[in-house]
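>>> okay, here's the prediction I keep looking at, along with the sequence it came from:
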Amino acid sequence: MKYHINFDLELKKNPYTGTYIALEGIDGSGKTTQAEKIAEYFEKQGKTVIHTREPRSEGLVGSIVREVLQAKIKIPSIALQYLFSADRAIHHEEIIVPSLKAGKVVISDRCFWSAVPYGIMDRTESSYELTEANQILIAQSILSMYHQFIVPDHTFYLKISVETAVKRLEGVEKTQEIYEKKETLQKITSGYDWLVEHFPEAITKLDGEKKENEVIEDILFQINK
């Protein structure tokens with residue numbers, strides 16, 4: 001049976017006094033480094049900063065997600081995406097919303113936007129079906145009439161080439177994750193490009209190939225303008 005559903009829905013903006021900033025990009029794009037620099041900037045202003053990330057490695061759901069990402073256990077791709085969403089819901093209720101209510105600055109290494117490039121890739125075995133993006137947006141509580149996650153006040157997509165990402169990741173001593181292969185990174189990059197194209201007012205693309213100090217200057221310029 002075929003049903004046609006059509007509706008318009010606005011993204012849920014931050015209604016609290018705190019500031020919510022998220023950094024997006026493929027692995028190796030410099031998100032963690034820039035998050036630390038943003039935190040330093042606000043701490044010098046006397047702000048209380050909460051530095052967090054998604055997915056988390058702690059907690060019941062987060063620990064399972066980490067095991068899957070490191071290929072220590074294997075589950076269907078669709079199940080992993082639901083685990084991401086479950087961990088995100090807990091994260092928002094326990095960390096993000098209370099912090100924003102308290103007027104703190106929340107800086108997150110990834111947020112719900114990452115569900116799109118990673119989620120679509122997991123739904124397709126061969127080609128990258130960007131036509132499925134809206135389904136992911138709805139299913140992951142981004143465009144949902146049931147529940148929505150708060151959209152960050154500033155989301156920065158640090159764009160780098162796959163070649164740069166692979167080179168950076170080779171110099172990092174950690175367990176390789178399932179999304180860090182070259183072909184996979186290319187598909188995820190396509191997803192991020194789709195996001196920036198369709199949500200230009202919500203996501204700011206920056207050149208992550210620049211030097212670290214130049215990237216943070218670009219970020220702070222956008223925050224303060």
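Perfect, I can see it now.
>>> tell me how far the residue lying closest to T189 once chain neighbours are set aside lies from S99.
Nearest residue to T189, sequence neighbours excluded (Cβ to Cβ, 6 or more residues apart in numbering): I26, at 5.8 Å. Glycine gets a C-beta too; all of them are placed from N, C-alpha and C. I26 is 27 Å from S99, where distance means Cβ to Cβ, to the nearest Å.
>>> who has more neighbours out of the two?
When I26 and S99 are compared for neighbours, I26 comes out ahead with 30 against 20, by other Cβ atoms under 10 Å.
>>> P152 touches D109, doesn't it?
No: the pair P152 / D109 is not scored as a contact, 11.9 Å apart, by Cβ atoms under 8 Å.
>>> between those two, which is the more surrounded one?
P152 (24 against 19).
>>> residues in contact with that one?
By Cβ atoms under 8 Å, 6 or more residues apart in numbering, the contact set of P152 is 14, 20-22, 108, 111.
>>> taking these one by one, which sit in strands?
20-22, 108 (DSSP state E).
>>> just among the residues you listed, which is most surrounded?
In the ones in strands among the contacts of P152, the most neighbours by other Cβ under 10 Å go to A22, 27 neighbours.
>>> any idea what it is bridged to?
Note on A22: beta-bridge partners by DSSP bridges are S108, T155.
>>> ok, now how distant is it from D153?
For A22, the distance to D153 equals 9 Å [Cβ to Cβ].
>>> can you check E36 too?
19 Å.
>>> so these two - more neighbours on which side?
D153 (17 against 14).
>>> separation between the more buried one and E170?
34 Å.
>>> how close does K205 get to K31?
14 Å.
>>> okay, the two: which has more neighbours?
More neighbours surround K31 than the other of K205 and K31, with 22 against 18 (other Cβ under 10 Å).
>>> ok, that one - contacts?
23-25, 109-110, 158.
>>> T48 contacts I107, doesn't it?
No: at 11.4 Å, T48 and I107 do not qualify as touching, with contact defined as Cβ under 8 Å.
>>> more neighbours, these two?
I107 (25 against 13).
>>> the more buried one and T164: what is the separation?
23 Å.
>>> with T32 instead?
15 Å.
>>> and the two? Which one has more around it.
T164 (16 against 12).
>>> any idea how far that one lies from E209?
Taken as Cβ to Cβ, the span from T164 to E209 is 6 Å.
>>> A79: what's it in contact with?
Contacts of A79 by Cβ under 8 Å, 6+ apart: none found.
>>> and it, that's in a helix?
Yes: under DSSP: H, G, I helix; E, B strand; the rest coil, A79 sits within a helix.
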